[in-house]
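Colleague: the following block contains a protein sequence and its predicted model.
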Amino acid sequence: MTKKKASDDFDEMELPRPSSSDLRGKQSVRATFRLTARAIEAISVVAVHLGIKQKSLFEHLIEDTQTLSHIARQVQENDFPPRERVQKTYVLSRRTLKMLQEACDAFDAPRDALVEYSILRLTPVIEEERKKHRRRKAVLAEVTNYVRQGEAVLAKIEAALGDDDPVCHGYRQALRTLQQTEQEIAAHIEKGEIIEAYR
């Protein structure tokens, strides 16, 4: 009796298959836009602070067709105010760029304006993250206070029992965990300082 290969089982499964056009839509392409410094900074801040690739942020913002259409209608009705803008090149998926172009064509809206206002939708996210960042700082201050108290208690235990006592050893281990947590919180806050600078 011949053994059935695992690949034979896969071939017999009825699964949706990706099309070549879907796969091509995921290809990365470069696109250059003229944007305000505020928009450029906004997407950079969110990407760094939340650890999300800028390409993924563009996909999230541009591929929300309902909101993109709403922005396009607004841009069509109101002039895109002249502000100081700089050229900035981003990596996008081919599909995202196509959807952006379709919205521009459908509403006769300038591409840079759609990208600018789509990015500025991130402003409330930045504000919320800034508030959280400040709360994390307050938490760190409390944790640091507990660590200093813990270090003082450890010194008393060492003086009373000696540093080779099992009670001292157990407490020292617990304190090390708290110290490590304090360092991790501090590192997270330091990484998040970028959000404080955004205006």
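Modeller: Cool, got the structure.
Colleague: now the helices for the protein?
Modeller: 6-12, 20-25, 37-50, 54-62, 65-77, 94-107, 111-120, 123-161, 166-191, 194-197 (DSSP state H).
Colleague: tell me what the longest one is packed against?
Modeller: The helices and strands touching helix 123-161, judged by 3 or more CB pairs under 8 Å, 6 or more residues apart in numbering; DSSP states H and E, are helix 37-50, helix 166-191, helix 194-197. For every residue, glycine as well, the C-beta is placed using N, CA and C.
Colleague: before we move on, the earlier item: just say which of the helices of the chain is most tucked in.
Modeller: Comparing those on average neighbours per residue, with mean count of other CB atoms under 10 Å, the densest one is helix 111-120 at a mean of 22.
Colleague: excluding chain neighbours, what is closest to the residue most central in space within the chain?
Modeller: The chain has residue 50 as the residue nearest its centroid, 2.8 Å off, counting by CA atoms, centre = their mean. Counting by CB to CB, 6 or more residues apart in numbering, the nearest residue to residue 50 once its immediate chain neighbours are dropped is residue 129, at 7.5 Å.
Colleague: list the contacts of that neighbour.
Modeller: Remark: with contacts taken as CB atoms under 8 Å, 6 or more residues apart in numbering, residue 129 is in contact with 46, 49, 50, 192, 195.
Colleague: quick check: closest non-adjacent residue to residue 44.
Modeller: Of all residues apart from its sequence neighbours, residue 54 sits closest to residue 44 (CB to CB, 6+ apart), at 7.4 Å.
Colleague: tell me the domain boundaries of the protein?
Modeller: Following automatic domain parsing, one finds the domains of the chain at 27-121, 131-197.
Colleague: least confident of the ones you listed, on average?
Modeller: Lowest mean pLDDT within the domains of the chain: domain 27-121, at a mean of 89.
Colleague: now the end-to-end length of it.
Modeller: Separation of the first and last residues of domain 27-121 by CA to CA, to the nearest Å is 25 Å.
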